[in-house]
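**Q** Need a 3D model of the following:
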Amino acid sequence: MESSSREFARLCTFESFSGVWPHYGFNTEQTELIQREFTRIRDITYLDHAGTTLFPESQIRKFCEDISRNVYGNPHSHNPSSRLTHDTVESVRYRILEHFNTSPEEYSVIFTAGCTAALKLVADSFPWVSANGKCSGSQFCYLTDNHTSVVGIRGVTGPKGVEAVPVLPQEVEARARNIQGTVSTEHECSVPHLFCYPAQSNFSGRKYPLSYVRGIQSQRLYPACERRGQWFVLLDAACFVGCSPLDLKQHPADFVPISFYKMFGFPTGIGALLVRNEAAELLRKGYFGGGTAAAYLAGEDYYVPNSNIVSRFEDGTISFLDVISLHHGFDVLHKLTGSMVNIQLHTFGLARYTYIMLSCLHHSNGQPVAQIYCDNEFESVAEQGAVLSFNLLDCHGRVVGYSQVDKMACLFNIHMRTGCFCNTGACQAHLGISNQEVKRNLQAGHVCGDNIDLVEGRPTGSVRISFGYMSTFEDCQTFLKFIVNCFVDKPLKLDQERLARLRSGTPAEASVSNELTSLTKERTVPEGNVLHISSAPVTKTSTTETVLNTERSSGKARTLTNIFIYPIKSCAAFEVTDWPVGVQGLLYDRTWMVVNENGVCLSQKREPKLCLIHPHICLGSNTLRLQASGMDTITLPLEASEENLVLRKCQSKVCGDRVQAVDCGERVSVWLSTFLGKPCSLIRQSLDFSRGMKMGQEKGACPPALSLVNEAQFLLINRASVALLLDHIANKQESSQNGTSFDMLQLIQRFRANLIISGLEPFEEDNWSDLKIGGAVFQVAGSCGRCQMIGIDQTSGARTQEPLRSLSECRNGKITFGVYLHHLPQRDSSAYPTLSVGSEVIAEAEENNK
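**A** Below is the predicted model of the structure:
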C-alpha cells in the first residue's frame, strides 16, 4: 500500500525529472534566477503564464532608469524630446521584426492596444466583397479552436454579406484537394478571402502546423482549395510567442496579432499587428485619427491617408512609453535565457513532466484523478506548447468543479486559470458540449467568466496551468503534491504501464532557431601608390578682415584648404592633409556611430559631450584610436577580424533610413558609457549593407552609396561664406557687447564639413552644379539645411545661440550653409582618387546661373 506513495515521492524529485527531460534552466541556477529577478513570487506557485507571464525586476529597473534619464515627448511633434521618442519607437519596431526573423522590407509593425485590437483592425479594414448575383463574395474562415476575438470578426463580416465558415481542425488537411480543374470567373479569382487560425491553442496548448500558412495561401488546403480567389492568412500568435520562436521568413502569414504582456509580462495594454507589406496595401480604413492623414478638410469630405503603412493605421498618439519599454523586455529576455529556443525547451520539459505525472495518478479504486484535454501525449515541442488543460475527477469518476479546485489552490498560493479561456470552440470539442448545451447553460445562468463550473453535473470549463521561462521544477512539484494531497482518494495508485511508456518515450526537440548569425566580410583598402597621410596641425587663422581680403582677391584660384573626416558620427573631427576617397565618400568617414541602450543613434543634439571624443585613424596600423579627457586611450581595429565575426548584428536608424550594423563590443561600450555617463555602445555599419543617397537623385537612377552620414557622401563649405557669417556675428556682438566670440577655425568646426575651400565669393557654392578637386569630379546634390547642432561649441560641448541666429539673419531667413556632393567615378578607371590639401578647385555653375 505504501509503494505507490513512496514511488510518487521518488518521482517528484529533480533527478527523476532530469531523467525525463534534459533541458532545464539557462546556464544558471533557476533558483538563483528567481531569487534575483522574481523575489515577489518567492511564496507563490504561479502557473498562469498563458494568461500573462511575469516581468523580471531588472526589466522594470532598466526601463525606469531610461525614462528617468531621458525626456520622451509626443512623437507627433518635432522638438528634440519628440524626435528621441520617434527614433526610439522606430528602433523598437526593428527589434520586433528581428525577433521574428523578418525585416521592414517584408513586414510593418502597427502598434495596437493589444491582440484583440489588432484583430479588430484587420476585421474593419480587410477589403471584404459582398456576395451578389454575379459573385459569391469573400469568405471569412476560421478554425473552431480560436479565441473569441478571432471568431468575433464574424460581427463585422455578417452585416457585409460575407459568408462565415467555421473549420474543424481535422478538416484542414483531410479535405485538401487540387482545384486546378475548377472553372471560375476572372472576378472570382481576385476576390479576397481570409483564413484565421492560432499558432497555438490557448485552451489545450496544441500547436497547429505553421505550414498551413503557405498551404492556404497556395490554395492547397481546405477551405482555400474549394474557393477561387486571393487567400490571406491571419495567424493568431498571441499564445504561441510567449514560449516559442516564430520565423516569419519561413512562414509568411499576412497578419500576425500579438500581445507583449504574453512575452514579457510588462507592459500590459499594448500589442501589435505584424502585417505583410503586400497585404497591407489592400487594407482600407474608414475612421481616421490624429497622425493618419496626409491631408484632409474639415468643411469638405476630402481626406488623403498617410502613405506610410504604420502611420496610416495608428490612430492618434501611440502608448509610446510602453513601446519604449519593449526594448528592455527584449534585452533582459535575451540576457536571462539566451534565445526563444531555450525557453521553448525549458517550458515544454516542465509541461511534459507534469502531463506524465498527472495522467498517471489514480485513486485507490483505480479511477484516474484527471481528465486531460489534449490532442497528443506531449511528444514534440513542434506539436505542443507549455499548456495543460484538465478537470479533476473524484473516485467515482465525477468531475470536480473547476471553481472548487481554484479556491483550494488559492489556499496554497497556487495561481491557475479556470473556465473556457475565451475559446468556446475548443472547450466544446474537448468537453463534449453541444451547441444546445451551451444555450441551455446560458438559460441556467452560466455566462463566460463566472464561477458556475457544473451544470447538471457536466463541466462548463476546465482548469489550465501554463509555464513560463521563470517556472521551476519546484512549481511542478508543488502543484502535483497539491493534487495528491487534496483530491486523491488514498492510497494513491500509479498507472505503471502508462508511466513506463511515457517515461521511456523520446520526445522530439526543437531544431529550428529564429536567431540568425552572419559573418562580416573583410574590407581592404585598394592597392595603389603609397599614401603619405598625416594629421594636419590645428592652427589659428588670421582675422576676419584679412581672410575676406585674401579670399576675395582678384584672379586667385579656388583651393582645397582643409580635409576633415568624422570616423564616428557626431564625434570630433580628424583633420588630414591627404585622404583616399572610397565607395561611400572619404574612407572611414562616419563609418561608426554611438547608440544608446535602445539602439538609437546618439548625436550632439542629444549628447553634446560626443564632440569631446577624438577619433584618430592610422591606415598604417589599421586602427581606430579614441581619446578623451580623463580617459585612457582605447584602440580598435578598422576592419573585421576573426575575433570580431561573432559580434552582435544590430539595426538602427539614420536620417529616416534603416541601417544594419555590428556592435563593436563590450570594451569600447564600457569606455563610452563611462565617459558619457550613460549606457551606450559603438556600432559599425555592416560591410555588406548598402544605403543609397536620396537627395538630388532622378527616379530610376542608381544612387550613390552612403555611410552613416545623414544626406550625402561629402559636405563642402566655402571660407568666403564663413568669413561673411563671421563678420555678421562680429558686428552683432559689437552692437550688443555680449555673446560668443568666434575665430575662423572655430566657426568652420561648427559646420562639421568634410571639405573646406577658399572661394572667391560668399555663397557662390549655392549655384554650382559640378566641381573638380584635383583629379576628382563631384556633383552638387543640394544645399545643407542647418539645425541647432551648429550651436554646439566643438571644443567644449557648450550650447550657444550663435551661429544659427546670425545665419538666418544674414541669409534672409534661409538656414542653409554649405553644399552636399557625391563623387562621380571615372568610367575609364576603377581606382578611387586621393584628395590633398592645396589642390585646385574648379567649379561649374548651374546653367541658369551662368
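**Q** and the longest strand for this protein?
**A** strand 776-785 (DSSP state E).
**Q** Can you point out the buried residues in it?
**A** Burial within strand 776-785, assessed by neighbour count using 16 or more other CB atoms under 10 Å, is assigned to Ala776, Val777, Phe778, Gln779, Val780, Ala781, Ser783, Cys784. Where you see a C-beta, it was placed from the backbone N, CA and C, and this is true even at glycine.
**Q** go on, stretch 602-620?
**A** 602-615, 617.
**Q** re the thing from before, from the buried residues of strand 776-785, which is closest to Phe195?
**A** Ranked by distance to Phe195 (CB to CB), those are led by Ala781 at 48.1 Å.
**Q** What's the separation between that closest one and His823?
**A** 11 Å (CB to CB, to the nearest Å).
**Q** any residues touching stretch 793-809, and which ones?
**A** For stretch 793-809, the external contacting residues (CB atoms under 8 Å, 6 or more residues apart in numbering) are 572-573, 604, 608-612, 725, 728-729, 732, 739-740, 742, 746-747, 749-750, 752, 786-788, 790-792, 814-815, 817.
**Q** Quick one: end-to-end length of that stretch, please.
**A** One end of stretch 793-809 sits 20 Å from the other (CA to CA, to the nearest Å).
**Q** roughly how far is it from the heart of the chain?
**A** 36 Å (CA atoms, centre = their mean, to the nearest Å).
**Q** related to what we said a few turns ago, direction included, what does the longest strand of the chain pair against?
**A** Using DSSP bridges, the strands paired with strand 776-785 are strand 768-773 (antiparallel), strand 816-823 (antiparallel).
**Q** What are the buried residues along the longest one?
**A** It stands for strand 816-823. Phe817, Gly818, Val819, Tyr820, Leu821, His822, His823.
**Q** what residue ranges in this protein are flagged as low confidence?
**A** When residues are selected by pLDDT under 70, those of the chain lie in 1-2, 178-188, 509-556, 640-647, 696-701, 733-740, 813, 828-830, 847-850.
**Q** excluding its backbone neighbours, what's nearest the most centrally placed residue in it?
**A** For the chain, Arg95 is the residue whose C-alpha lies nearest the centre (CA atoms, centre = their mean; 2.1 Å). Distance criterion CB to CB, 6 or more residues apart in numbering; nearest residue to Arg95, sequence neighbours excluded, is Phe330 at 5.3 Å.
**Q** For that neighbour, which residues are in contact?
**A** Here Phe330 is in contact with Arg95, His99, Phe264 (CB under 8 Å, 6+ apart).
**Q** which SS class is it?
**A** The three-state assignment at Phe330 reads helix, by DSSP: H, G, I helix; E, B strand; the rest coil.
**Q** Pull up the gap between Phe195 and Asp406, please.
**A** Counting by CB to CB, the gap from Phe195 to Asp406 is 35 Å.
**Q** residues near Leu282, how many?
**A** Leu282: 14 surrounding residues under other CB atoms under 10 Å.
**Q** Comparing Phe195 and Asp406, which residue is more hemmed in?
**A** Higher neighbour count among Phe195 and Asp406: Phe195, with 28 against 18, using other CB under 10 Å.
**Q** Secondary structure class of that one, three-state.
**A** strand.
**Q** my guess is it meets Ser138, correct?
**A** No - contact criterion CB atoms under 8 Å: Phe195 and Ser138 do not qualify, at 11.2 Å.
**Q** Can you show me the helices along the stretch 401-550 of the chain?
**A** Using DSSP state H, counting those that start in this stretch, the helices of the stretch 401-550 of the chain run over residues 402-411, 424-431, 435-443, 473-487, 496-504, 544-551.
**Q** Which parts of the stretch 751-850 of the chain are strands?
**A** Assigned by DSSP state E, counting those that start in this stretch, the strands in the stretch 751-850 of the chain fall at 755-758, 768-773, 776-785, 816-823, 834-836, 840-845.
**Q** Tabulate those strands (CSV), appending distance to Leu411.
**A** Compiled in CSV, those are given as follows (distance: least, CB to CB, whole Å):
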stretch, distance to Leu411
strand 755-758, 77
strand 768-773, 83
strand 776-785, 68
strand 816-823, 72
strand 834-836, 79
strand 840-845, 86
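**Q** Quick one: closest of those to Ile309.
**A** Closest of those to Ile309 is strand 776-785, at 27.2 Å (criterion: CB to CB).
**Q** Hey, what's the angle from that closest one to strand 840-845? Just curious.
**A** Interaxial angle, strand 776-785 versus strand 840-845 (axes from the mean of the first three to the mean of the last three CA atoms, to 10 degrees): 60 degrees.
**Q** returning to what we had before: among the helices of the stretch 401-550 of the chain, which is nearest Gln200?
**A** helix 424-431 (11.3 Å).
**Q** what's the angle between the closest one and helix 435-443?
**A** Using the same axes, to 10 degrees: helix 424-431 against helix 435-443 is 110 degrees.
**Q** what packs against helix 424-431?
**A** helix 148-151, helix 435-443, strand 462-466 (3 or more CB pairs under 8 Å, 6 or more residues apart in numbering; DSSP states H and E).
**Q** any residues touching the helix or strand that the shortest one is followed by, and which ones?
**A** What it means is helix 148-151. Next helix or strand after helix 148-151 toward the C-terminus (DSSP states H and E): helix 154-157. With contact meaning CB under 8 Å, 6+ apart, helix 154-157 is reached by Ala123, Asp124, Trp128, Ser138, Phe140, Tyr142, Glu163, Ala164.
**Q** Now do the SS call for the fifth one.
**A** Going back to what we said before, that points to Phe140. strand.
**Q** just to revisit the earlier point, in TSV: the strands paired with strand 776-785, plus distance to Ser471.
**A** Formatted as TSV, these follow (distance: least, CB to CB, whole Å):
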stretch	distance to Ser471
strand 768-773	65
strand 816-823	56
